[in-house]
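Kindly generate the corresponding structure for this input.
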Amino acid sequence: MRTSLAMPDIGLGTSGHEGDEGTKRSVTAALDVGYRHVDTAQMYGNERAVGEAIAESPVDRDDVVLATKIHPDNLGYDDATRTARESLDRLGVDAVDLLYVHWPHSAYDPEETLRAMDDLRDEGVTDHVGLSNFTPDLLAEARDLLESPVAAHQVECHPLLPQAELRADARDHGHALVGYSPLGRGKALDDPLLSDIAEKHDTTTAAVCLAWAFDREALVPIPKGSGDHVRANYEARELRLDDEDLDRIEAYDRRERFIDPDAAAWNR
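Numbering: from 1, shown residues only. Model prediction:
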């Protein structure tokens, strides 16, 4: 068991990858380039492909932070404990480094679900417990109920949805804020301000979005990528935005959430 979670500064998101072979290619490419964090979920239907890619990689399993998430429909105590073990079977591992509550709705019951997460950690199914798509109030409630520390909170986060309150919460409570869709599902790539900053640095808008994330304390972006994008996203770690760029993004009046289901906690 990892006693502490050293979260790499970038991870590979695997939501929406097309087919097992496409998933395996992307995970393999990411590990070859240098990624050491791979994120999947029961909901994505690709845990087996992710596990196979990690197993076949020359990168040592102990060097990879592997995360998965329990489906919202499986968050009752019995379903959570059963399906978490099923995830291990599909991934082909004895334990995951990080196990999330995926969305706090459907079968989510704070006391029952979080007791399951504590038990799964105690039993060695996961080294660390994470939460995903929680509001500040739900995070506070979860911290009160959990015996395990919250190692990470995963939410949509990018320059058009900077999540300042949740980033501050992460800093204050010592966990990572893991940002999915750090390119705004691709829709931030046509944004005029971000495009202007990219032109200034002779780079891509995607690199600007990721560089913004790398500059934020405790924020870990997990872009989905395939083909050449896997390497390009990783190499965005070398870009440094200046104070003027960061101030313009901070003052920008466009704010947009791209993943916004009706059942999300912030809509209730």
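
Just give me the neighbour total for Glu147.
Around Glu147 there are 12 other residues, counting by other CB atoms under 10 Å. Every residue, glycine included, has its C-beta placed from N, CA and C.

unless I'm mixing things up, it is touching Asp118, no?
Yes - with contact taken as CB atoms under 8 Å, Glu147 and Asp118 are classed as touching, separated by 4.8 Å.

got the contact list for Tyr35?
Contact partners of Tyr35, counting by CB atoms under 8 Å, 6 or more residues apart in numbering, are Pro8, Ile10, Gly11, Leu12, Val230, Tyr234.

Can you tell me the element it falls in?
For Tyr35, there is no helix or strand it lies in under DSSP states H and E.

Read off the pLDDT value for it.
Predicted confidence (pLDDT) at Tyr35: the value is 98.

likewise the one 4 residues further on?
At Asp39 the predicted local distance difference test score is 98.

Contacts only, for it.
With CB under 8 Å, 6+ apart, Asp39 has these contacts: Gly11, Leu12, Gly13, Thr14, Ala67, Thr68, Gln154, Val178, Tyr180, Ile222.

so where do the strands sit in the stretch 151-268 of the chain?
176-180, 219-221 (DSSP state E, counting those that start in this stretch).

Spit out the contact partners of Asn46.
By CB under 8 Å, 6+ apart, Asn46 lies in contact with Thr14, His17, Asp20, Thr23, Thr40.

Quickly note the distance from it to Gly16.
Per CB to CB, to the nearest Å, Asn46 is found 9 Å from Gly16.

Give me the buried stretch members for stretch 58-76, please.
Applying a neighbour-count criterion of 16 or more other CB atoms under 10 Å, one finds 59, 64-76 buried in stretch 58-76.

Can you flag which of those residues belong to strands?
Val65, Leu66, Ala67, Thr68, Lys69, Ile70 (DSSP state E).

for the residues you listed, which one is nearest Thr81?
Nearest to Thr81, judged by CB to CB, of these is Ile70 at 9.5 Å.

Run a quick check on Val155 versus Gly179, I expect a contact.
Yes - if you go by CB under 8 Å, Val155 and Gly179 touch, sitting 6.9 Å apart.

Between the two, tell me which one has more neighbours.
Set Val155 next to Gly179 and count neighbours by other CB under 10 Å: Gly179 wins out with 27 against 22.

In contact with that one, which residues?
Contacts for Gly179 (CB under 8 Å, 6+ apart) come out as Gln154, Val155, Glu156, Cys157, His158, Gln163, Ala213, Leu219, Val220, Pro221, Ile222.

change it to 7 Å
Val155, Cys157, His158, Ala213, Leu219, Val220, Pro221, Ile222 (CB atoms under 7 Å, 6 or more residues apart in numbering).

Now do the helices in the stretch 101-250 of the chain.
In the stretch 101-250 of the chain, the helices defined using DSSP state H, counting those that start in this stretch lie at 110-122, 136-145, 164-173, 192-200, 205-215, 228-235, 243-251.

Let me have the contacts of Asp39 in CSV, adding distance to Val125 and pLDDT as columns.
Putting the contacts of Asp39 into CSV (distance: CB to CB, whole Å; pLDDT from 0 to 100) gives the following:
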residue, distance to Val125, pLDDT
Gly11, 20, 98
Leu12, 22, 98
Gly13, 22, 97
Thr14, 20, 97
Ala67, 13, 98
Thr68, 11, 98
Gln154, 19, 98
Val178, 20, 98
Tyr180, 23, 98
Ile222, 22, 98
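
What are the neighbouring residues in contact with the closest residue to Trp212 other than its chain neighbours?
Among residues not flanking Trp212 along the chain, Pro159 sits closest, at 4.9 Å (CB to CB, 6 or more residues apart in numbering). By CB under 7 Å, 6+ apart, the residues touching Pro159 are Ala188, Leu194, Cys209, Trp212, Ile249.

What is the burial count for the second one?
Neighbour count of Leu194, defined by other CB under 10 Å: 28.
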